[in-house]
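Student: A structural model of the following input is requested.
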Amino acid sequence: MQISADAAVRVRARRKEQFWNAANAVTVARIVSGPLLLLLLLFPGRTGSLLFGVLFLAIALTDLLDGWLARNWDMVTRVGKLMDPLADKLLVMTAMIVLVALGRVPLWAVPMIVIVLAREIGVTGLRAMASAEGVVLGASSLGKWKTGFQVAAVTALLIHYPLVLPMHQLGLALLVLATGLTLWSGYDYFAAYLGRGETPDA
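Tutor: Here you go, the predicted model:
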């Protein structure tokens, strides 16, 4: 049985906007897995820190998987564009709160955590405002770099104990770089949307 070209386009559009596709399922799994990091508060020793550091990195890397599925299996949806960066933010924010609770972030570095959390909340609010106007702000390329450095910093700080390299010191150095990228990408979003009326590159 054959269908017309117009009908095929409509079927394809409906499939693209389905919420429960493989790419979105991976994103949802990343969101619900984040709270597992809270268990590190109960197992802060060397072994527990290593396991949770690896767990965090594995969860964070599923961002590459859902992106690949969305692009290669024709599963890019508006919901997915909104959920994907939100999942990254929730994961990183949860991990940073755990790190502060464990005392692995020194006093001088706490303002950087506050900056990162404030930026993530601010950009999430901007996306909500844009969505209400029918505009979808996907993750920018600069935002992806920011997330990458955040993930690297948090992974090192979660592992904490020396592992070939001094992980704690490495994590703090990466956190400084991540904070700079966080401020830059946050400015990029707000300047593009509020100043020039343009959206960052997807």
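Student: what residues sit buried inside the lengthiest helix in the chain?
Tutor: Counting by DSSP state H, the longest helix found in the chain is helix 46-72. Buried positions in helix 46-72, judged by neighbour count with 16 or more other CB atoms under 10 Å: 48-53, 55-57, 59-60, 62-63, 66-67, 69-70. For the C-beta atoms, the positions are set from N, CA and C on the backbone; glycine is no exception.
Student: one more: stretch 22-36?
Tutor: Within stretch 22-36, the residues that qualify as buried are Ala23, Asn24, Val26, Thr27, Arg30, Ile31, Ser33, Gly34, counting by 16+ other CB under 10 Å.
Student: also stretch 104-120?
Tutor: Neighbour counts over stretch 104-120 (16+ other CB under 10 Å) mark Arg104, Val105, Ala109, Met112, Ile113, Ile115, Val116, Leu117, Arg119, Glu120 as buried.
Student: do the same with stretch 169-176
Tutor: Those would be Leu170, Gly171, Leu172, Leu174, Leu175, for stretch 169-176 by 16+ other CB under 10 Å.
Student: try stretch 154-166
Tutor: Judged by neighbour count (16+ other CB under 10 Å), stretch 154-166 contains these buried residues: Val154, Thr155, Ala156, Leu157, Leu158, Ile159, His160.
Student: ok, which pair from the buried residues of stretch 104-120 is furthest apart?
Tutor: Distance extremes for the buried residues of stretch 104-120: the farthest pair is Arg104 and Arg119 at 20.7 Å, using CB to CB.
Student: without its sequence neighbours, what residue ends up closest to the residue most central in space within the chain?
Tutor: Centroid-nearest residue in the chain: Asp88, 1.7 Å away (criterion: CA atoms, centre = their mean). In this structure, Asp88 finds its nearest non-sequential neighbour in Thr147, 5.1 Å apart by CB to CB, 6 or more residues apart in numbering.
Student: equivalent analysis for Leu157, please.
Tutor: Of all residues not flanking Leu157 in the chain, Gly171 sits nearest, at 3.6 Å (CB to CB, 6+ apart).
Student: what about this structure, any weak spots by pLDDT?
Tutor: Scanning the chain for pLDDT under 70 picks out 1-20, 67, 70, 73, 75-76, 79-80, 134-140, 195-202.
Student: on that earlier part again, reformat the buried residues of stretch 104-120 as a markdown table; add secondary structure and distance to Ala128.
Tutor: Shown next, in a markdown table, are those (DSSP: H, G, I helix; E, B strand; the rest coil; distance: CB to CB, whole Å):
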| residue | secondary structure | distance to Ala128 |
| --- | --- | --- |
| Arg104 | coil | 31 |
| Val105 | coil | 28 |
| Ala109 | helix | 29 |
| Met112 | helix | 25 |
| Ile113 | helix | 23 |
| Ile115 | helix | 20 |
| Val116 | helix | 19 |
| Leu117 | helix | 17 |
| Arg119 | helix | 15 |
| Glu120 | helix | 13 |
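Student: JSON lines for the residues you listed, including distance to Ala132?
Tutor: Shown next, in JSON lines, are the buried residues of stretch 104-120 (distance: CB to CB, whole Å):
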{"residue": "Arg104", "distance to Ala132": "38"}
{"residue": "Val105", "distance to Ala132": "35"}
{"residue": "Ala109", "distance to Ala132": "35"}
{"residue": "Met112", "distance to Ala132": "31"}
{"residue": "Ile113", "distance to Ala132": "29"}
{"residue": "Ile115", "distance to Ala132": "26"}
{"residue": "Val116", "distance to Ala132": "25"}
{"residue": "Leu117", "distance to Ala132": "23"}
{"residue": "Arg119", "distance to Ala132": "21"}
{"residue": "Glu120", "distance to Ala132": "19"}
